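>>> could you work out the structure for the sequence below:
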Amino acid sequence: MKKSAKTIFSLGEILWDIFPEGKQIGGAPANVVFYLSRLDENPVLVSRVGTDSLGEEALAVCQNCSLKTDFIQKDEVHCTGKVNVHLDSQGVPRFEIQDNVAWDFIEESPPLFLAIKEADAVCFGTLAQRHEKSRTTIRRLLEQTRTDCLKVLDLNLRFPYFDKELIEASLRMADVLKLNSDELAIVSELFSLNGVELELLRTLLEKFSIKVIGLTTGENGSILLSDEKEFRHPGYCISAVDTVGAGDAFTAALVHGLLSGLELEEINDFANRLASLVCTKKGAWVEIGHLESIKFNNL
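Now for the predicted structure:
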């Protein structure tokens with residue numbers, strides 16, 4: 001899957017996931033950047049940390065992982081974000097997200113506006129738009145992109161930080177939508193959509209003029225859908241340690257595949273393979289090595 005690297009901006013939260021046994025770096029936009037970097041792309045994280053010890057440690061982790069920190073801002077007022085993570089018996093997380101933290105206050109800047117004009121793709125979500133400050137900055141950044149820039153929305157719905165208006169505005173800005181089964185149910189209820197899974201996805205595709213939708217269905221794999229094609233992947237049989245970061249790895253693989261010009265069927269398999277690997281390791285950032293050589297069994 002080698003090719004010339006694409007510049008991909010990811011907008012939103014970098015934070016610390018606090019597990020019972022300790023903390024791990026995370027945040028959906030930061031996770032996407034990590035995996036895009038491992039897929040030989042040129043990802044750029046736009047986020048904000050406090051000037052506290054956790055903020056300095058987050059920057060150090062990024063630098064140690066060879067991630068760019070040029071547009072991770074420093075906030076002297078608000079602390080670095082934290083999330084308490086509770087895992088169930090299957091390793092599926094429940095999150096308690098701290099309010100009014102640094103990534104809620106991402107600021108506009110002329111260098112940032114200039115840099116994002118070079119983006120081949122921009123990834124964004126709803127959680128980072130929970131506060132007016134970051135929401136305004138994210139939308140202004142999306143307005144600065146080239147007409148051929150791929151705008152990728154990972155819904156990342158977290159109660160209580162979303163509503164119908166926020167979801168609708170985000171969908172109207174997106175070319176590509178990634179969501180999971182729980183999020184599809186929420187969106188369908190909010191927009192009074194009826195039908196089976198594929199019918200719901202096709203309605204979203206048409207209603208919001210989306211080019212590609214990726215639906216992840218947990219251990220049952222995923223669906224990739226466009227105007228012309230649809231592919232279902234059954235998923236791989238693995239022993240999951242935790243699922244934190246797996247959806248973000250899927251998003252990174254989806255963006256990587258689309259920018260590489262791969263067929264949806266190939267993208268779907270690769271994204272499931274990457275997400276499965278992440279589920280077999282602890283934490284959101286997993287070194288993937290020679291992913292193609294790893295053998296998984298289909299369900």
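>>> could you pull out the helices for the stretch 151-299 of the chain?
Along the stretch 151-299 of the chain, counting by DSSP state H, counting those that start in this stretch, helices occupy 164-173, 181-190, 197-207, 246-260, 264-279.
>>> out of the ones you listed, flag the one nearest E21.
Taking Cβ to Cβ, helix 264-279 is the member of these nearest to E21, at 17.6 Å. In short, each C-beta sits where N, CA and C put it, glycine included.
>>> for I116, give me its contacts.
9, 46, 122, 141, 144-145 (Cβ atoms under 8 Å, 6 or more residues apart in numbering).
>>> what does E107 give?
Counting by Cβ under 8 Å, 6+ apart, E107 touches 48, 73, 133, 137.
>>> give me that answer again for 6 Å
Applying Cβ atoms under 6 Å, 6 or more residues apart in numbering, we find E107 in contact with no residue.
>>> same thing with the one 5 residues further on?
By Cβ under 6 Å, 6+ apart, the contact list for L112 reads F71.
>>> so it: helix, strand or coil?
Following DSSP: H, G, I helix; E, B strand; the rest coil, L112 is assigned to helix.
>>> coming back round to it: which of the helices of the stretch 151-299 of the chain is buried the deepest?
For the helices of the stretch 151-299 of the chain, the largest average neighbour count (mean count of other Cβ atoms under 10 Å) is found in helix 246-260, namely a mean of 26.
>>> and that one, what does it pack against?
Here helix 246-260 touches helix 28-38, strand 212-216, helix 264-279, going by 3 or more Cβ pairs under 6 Å, 6 or more residues apart in numbering; DSSP states H and E.
>>> still on that earlier bit, nearest to G235, out of the helices of the stretch 151-299 of the chain?
For those, proximity to G235 was assessed by Cβ to Cβ; helix 264-279 is nearest, at 6.0 Å.
>>> can I get the helices and strands packed on helix 246-260 in a markdown table with distance to E107?
Below are the helices and strands packed on helix 246-260 laid out as a markdown table (distance: least, Cβ to Cβ, whole Å):
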| stretch | distance to E107 |
| --- | --- |
| helix 28-38 | 16 |
| strand 212-216 | 31 |
| helix 264-279 | 31 |
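>>> so which of these gets nearest G81?
Across the helices and strands packed on helix 246-260, G81 has its closest neighbour in helix 28-38 (10.2 Å, Cβ to Cβ).
>>> report all helices and strands that the very next helix or strand once past the closest one contacts.
Counting by DSSP states H and E, the next helix or strand C-terminal to helix 28-38 is strand 42-50. Judged by 3+ Cβ pairs under 6 Å, 6+ apart, strand 42-50 is in contact with strand 7-11, helix 28-38, strand 72-75.
>>> now do strand 42-50 and helix 28-38, the angle between them.
Put simply, strand 42-50 runs at 150 degrees to helix 28-38, going by axes from the mean of the first three to the mean of the last three Cα atoms, to 10 degrees.
>>> who does strand 42-50 pair up with?
As defined by DSSP bridges, the strand partners of strand 42-50 come to strand 7-11 (parallel), strand 72-75 (parallel).
>>> let's have the helices and strands packed on helix 246-260 in JSON lines, adding distance to V85 and mean pLDDT.
JSON lines is the format used below for the helices and strands packed on helix 246-260 (distance: least, Cβ to Cβ, whole Å; pLDDT from 0 to 100):
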{"stretch": "helix 28-38", "distance to V85": "13", "mean pLDDT": "97"}
{"stretch": "strand 212-216", "distance to V85": "19", "mean pLDDT": "98"}
{"stretch": "helix 264-279", "distance to V85": "15", "mean pLDDT": "93"}
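>>> which of these sits closest to I97?
Closest among these, using Cβ to Cβ: helix 28-38, at 11.4 Å.
>>> need the contact partners of that closest one.
8, 10-14, 43, 45, 67, 123, 125, 156, 245, 248-249, 251-252, 284-285, 288.
>>> so Q24 makes contact with D17?
Yes. Using Cβ atoms under 6 Å, Q24 is in contact with D17, at 4.8 Å.
>>> which one's more surrounded, these two?
D17 (23 against 19; other Cβ atoms under 10 Å).
>>> could you find the closest non-adjacent residue to the more buried one?
Nearest-residue entry for D17: G26, 4.1 Å, with adjacent residues in sequence omitted and distances by Cβ to Cβ, 6 or more residues apart in numbering.
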